[in-house]
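[1] Okay, predicted coordinates and the sequence, questions at the end:
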Amino acid sequence: MVNLTINNMPVKVKKNATILAAARKIGIKIPTLCNFELDCF
């Protein structure tokens, strides 16, 4: 697990998580045109 802070809000995510996923976990919506979740990485 990795501890991050986004907009002064702490969030704990898996080591391979994206910033987008971390932001979504704490309720921050970031507009995206497309976002594919690939399990091959």
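    Thanks, I have it. Residues are numbered from 1 along each chain as shown.

[2] C-alpha only now, for contacts and for neighbours.
    Noted.

[3] elements contacting the helix-or-strand element of the chain with minimal mean pLDDT?
    The helix or strand of the chain with the lowest confidence, counting by mean pLDDT, DSSP states H and E, is helix 19-25 at a mean of 95. Counting contacts by 3 or more Cα pairs under 8 Å, 6 or more residues apart in numbering; DSSP states H and E, helix 19-25 packs against strand 9-13.

[4] name the helices or strands packed onto the strand it packs on?
    Judged by 3+ Cα pairs under 8 Å, 6+ apart, the packing partners of strand 9-13 are strand 2-6, helix 19-25.

[5] Next up, the contacts around Val9.
    Just to correct that, residue 9 is Met rather than Val. By Cα atoms under 8 Å, 6 or more residues apart in numbering, Met9 lies in contact with Ile26.

[6] Which strand residues bridge it?
    Taking DSSP bridges, one obtains Ile6 as the residues bridged to Met9.

[7] Surely Ile6 and Arg24 touch.
    No. With contact defined as Cα atoms under 8 Å, Ile6 does not reach Arg24; the gap is 10.6 Å.

[8] what about this protein, any weak spots by pLDDT?
    Scanning the chain for pLDDT under 70 picks out the ranges 38-41.

[9] go with 80
    Residue ranges of the chain with pLDDT under 80: 34-41.

[10] so which strand or helix has Cys34?
    Counting by DSSP states H and E, there is no helix or strand that carries Cys34.

[11] what's around it, how many residues?
    6 (other Cα atoms under 10 Å).

[12] just Ala23 next, same as before
    19.

[13] Then Val11?
    Val11 has 14 neighbouring residues, counting by other Cα under 10 Å.

[14] Help me confirm that it comes into contact with Asn3.
    Yes. Counting by Cα under 8 Å, Asn3 is a contact partner of Val11 at 5.9 Å.

[15] For the closest residue in space to Ala22 that isn't next to it in sequence, give the beta-bridge partners.
    Spatial nearest neighbour of Ala22, excluding adjacent residues (Cα to Cα, 6 or more residues apart in numbering): Val13 at 6.3 Å. Beta-bridge partners for Val13, by DSSP bridges, are Val2.

[16] That'll do, ta.
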